[in-house]
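In: give me coordinates for this.
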Amino acid sequence: MHWADSIAKALSHRGDKHVIASGITPSGEFHIGHIREIVTSDIIKRACIAAGLKAEFVFFVDDADPLRKVYSFLDDSYEQYIGHQLVNIPPPDENGLPDHDRFSEGVSYARHFLKKFIQALEVIGVQIDEIIYNYDAYQSGKFSETARSACNQADGIREIIERVSSRVLDEEWFPWNPIDSTGSIDGIQVTGWEDPIVSWIDSQGNTGQSDVTKGEGKLPWRVDWPAKWVWRGVTMEPFGKDHGAAGGSYDTGKEICRLLGSEPPYPTTYEWISLK
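Out: Prediction:
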């Protein structure tokens with residue numbers, strides 16, 4: 001039996017309708033390793049349909065994630081955007097400089113890198129049923145109930161992460177990263193929570209508030225991932241072996257998913273692609 005048929009058979013025991021997911025952070029040029037996950041999801045969807053199941057493939061674009069560093073292909077001027085969400089910073093031009101003209105025309109850093117990737121998927125025949133832009137999901141309020149649920153169960157989520165991953169979180173840790181007055185989500189300390197408002201203080205001593213229902217921030221990665229499973233009803237998502245390691249993000253995610261009221265998706269890990 002083909003591995004995808006085996007997964008489809010396992011999914012059939014969970015029901016006859018499935019949501020297969022994949023996701024990506026458009027932080028730079030995509031490589032063949034990114035294709036690995038998308039193709040895996042596409043193959044599983046095809047196997048489910050061949051087995052008589054209803055299946056749809058949703059693709060999460062994590063454009064609400066921040067710029068982590070100035071990558072080698074970027075000009076040093078991008079340092080000003082570290083911590084800013086990828087959807088809210090300008091794309092690079094051919095010299096790696098911020099292209100403010102294209103940004104004013106609606107082309108963000110995230111969309112700049114995503115466009116060629118989506119085109120490549122079309123060339124190889126991958127059919128995505130729904131592309132979900134994470135930033136839009138937060139801003140539109142579609143994700144707000146799940147995000148609020150996570151914030152209201154901060155203590156339970158903290159317990160899961162610390163117990164399962166053996167990490168000790170900072171005392172001020174909270175499952176929401178607010179946006180400060182400069183547009184950054186780095187270096188901000190949460191000082192209070194009164195549903196749906198998060199109070200915060202940034203590294204400069206400035207204070208403010210973040211409305212979770214309006215997407216004024218985002219959930220941290222280990223919480224955002226299972227929260228998306230809950231919100232979109234994901235029943236299957238393949239992931240790299242790093243996420244599947246003991247104490248990794250799937251181990252914490254499946255418990256957080258149950259805490260938020262849903263069963264976690266069927267797990268399937270894949271090996272990395274290494275090129276010499």
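
In: show me which helix runs longest in this structure.
Out: In the chain, assigned by DSSP state H, the helix with the most residues is helix 32-50.

In: name the next helix or strand downstream of that helix, please.
Out: As assigned by DSSP states H and E, the chain's next helix or strand after helix 32-50 is strand 54-61.

In: name the surrounding residues that touch the helix or strand just after that following strand.
Out: Reading on from strand 54-61 to the C-terminus, the next helix or strand found by DSSP H and E is helix 100-104. For helix 100-104, contacts defined as Cβ atoms under 8 Å, 6 or more residues apart in numbering pick out 89, 90, 91, 93, 112. For every residue, glycine as well, the C-beta is placed using N, CA and C.

In: ok, now with 6 Å
Out: Applying Cβ atoms under 6 Å, 6 or more residues apart in numbering, the contact partners of helix 100-104 are 90, 91.

In: name the residues of that helix that are buried.
Out: 102, 103 (16 or more other Cβ atoms under 10 Å).

In: roughly how far is it from the heart of the chain?
Out: Here helix 100-104 is found 25 Å from its chain centre; the criterion is Cα atoms, centre = their mean, to the nearest Å.

In: for it, what is the average pLDDT?
Out: Over the span of helix 100-104, the pLDDT mean works out to 97.

In: and the contacts of the very next helix or strand once past it?
Out: As assigned by DSSP H and E, the chain's next helix or strand after helix 100-104 is helix 109-124. Helix 109-124 is contacted by residues 26, 30, 63, 86, 87, 89, 91 when judged by Cβ under 6 Å, 6+ apart.

In: using pLDDT, spot the least trustworthy of the residues you listed.
Out: Lowest pLDDT within those is found at residue 30 (88).

In: count the residues that sit near the closest residue to that residue other than its chain neighbours.
Out: Among residues not flanking residue 30 along the chain, residue 117 sits closest, at 4.5 Å (Cβ to Cβ, 6 or more residues apart in numbering). The number of residues packed near residue 117 is 17, by other Cβ atoms under 10 Å.

In: which of the contacts of helix 109-124 sits closest to residue 260?
Out: Nearest to residue 260 among the contacts of helix 109-124 is residue 63, at 22.5 Å by Cβ to Cβ.

In: residue 254 touches residue 263, doesn't it?
Out: No - the pair residue 254 / residue 263 is not scored as a contact, 8.5 Å apart, by Cβ atoms under 6 Å.

In: ok, these two, which is more surrounded?
Out: A count of neighbours by other Cβ under 10 Å puts residue 254 above the other of residue 254 and residue 263, at 18 against 13.
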